[in-house]
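In: sequence first, then the predicted structure:
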Amino acid sequence: MKTYQAGIDVGSTTVKLVVLDENGQMIFGQYQRHLSHTQRALSDLLKQARAALGECALELRATGSGAINLAKALGIPFVQEVVAVAQALERVAPQVDVAIELGGEDAKII
């Protein structure tokens, strides 16, 4: 069974799920408004990923303003938002000096 890296971003209004293959290429990406039901929205997204990807294992990590409790409940690592964005920038756009991340509750300059 293949194992993929997956990231969950729980924001103030939406849950996002991205799955990367062994080469770091996105093979699934989707978001959904959670209407304050983050676990239900994440469950829906995971079902969509399984339908799209077939039988596989996911190594999950979570970030976002609403992800701390979800990560604890699922027993998965939590990565603070600024750290997650900085790590992603280093990987996909190392030439970028400054990035602005706009969320539903705040904005960050990284």
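Out: Great, that's in hand. Numbers count the residues shown, from 1 in each chain.
In: contacts, neighbours, all on C-alpha from now
Out: Will do.
In: can you show me the strands along the protein?
Out: Ranges of strands within the chain are 2-10, 14-20, 26-33, 56-63, 100-102, 107-109, based on DSSP state E.
In: any weak-confidence spans in this protein?
Out: Applying pLDDT under 70 to the chain flags no residue at all.
In: what comes up buried for the longest helix seen in the chain?
Out: If you go by DSSP state H, the chain has its longest helix at helix 38-53. Neighbour counts over helix 38-53 (16 or more other Cα atoms under 10 Å) mark 38, 41-42, 45-46, 48-49 as buried.
In: out of those residues, flag the one nearest to Gly75.
Out: Leu42 (14.5 Å; Cα to Cα).
In: now that closest one: how far from Asp9?
Out: 10 Å (Cα to Cα, to the nearest Å).
In: now the common contact residues for those two.
Out: 15-17 (Cα atoms under 8 Å, 6 or more residues apart in numbering).
In: can you give the distance of the longest helix of the chain from its chain's centre?
Out: 12 Å (Cα atoms, centre = their mean, to the nearest Å).
In: same question for stretch 3-15.
Out: Its chain's average C-alpha position is 3 Å from that of stretch 3-15, according to Cα atoms, centre = their mean.
In: may I have it as PDB, with CA atoms only?
Out: Output in PDB follows, covering the C-alpha atoms of stretch 3-15 (Å, rounded to 0.1, in the frame of the first residue of the first chain):
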ATOM      1  CA  THR A   3       1.800   6.100   1.800                       C
ATOM      2  CA  TYR A   4       1.400   9.700   0.900                       C
ATOM      3  CA  GLN A   5       2.100  13.000   2.800                       C
ATOM      4  CA  ALA A   6      -1.100  14.900   3.600                       C
ATOM      5  CA  GLY A   7      -1.700  18.400   5.100                       C
ATOM      6  CA  ILE A   8      -4.900  19.700   6.700                       C
ATOM      7  CA  ASP A   9      -5.500  23.400   7.100                       C
ATOM      8  CA  VAL A  10      -8.400  24.300   9.400                       C
ATOM      9  CA  GLY A  11      -9.300  27.900   9.100                       C
ATOM     10  CA  SER A  12     -12.000  30.100  10.500                       C
ATOM     11  CA  THR A  13     -14.500  29.100   7.700                       C
ATOM     12  CA  THR A  14     -12.900  26.200   5.700                       C
ATOM     13  CA  VAL A  15     -11.000  23.000   5.900                       C
END
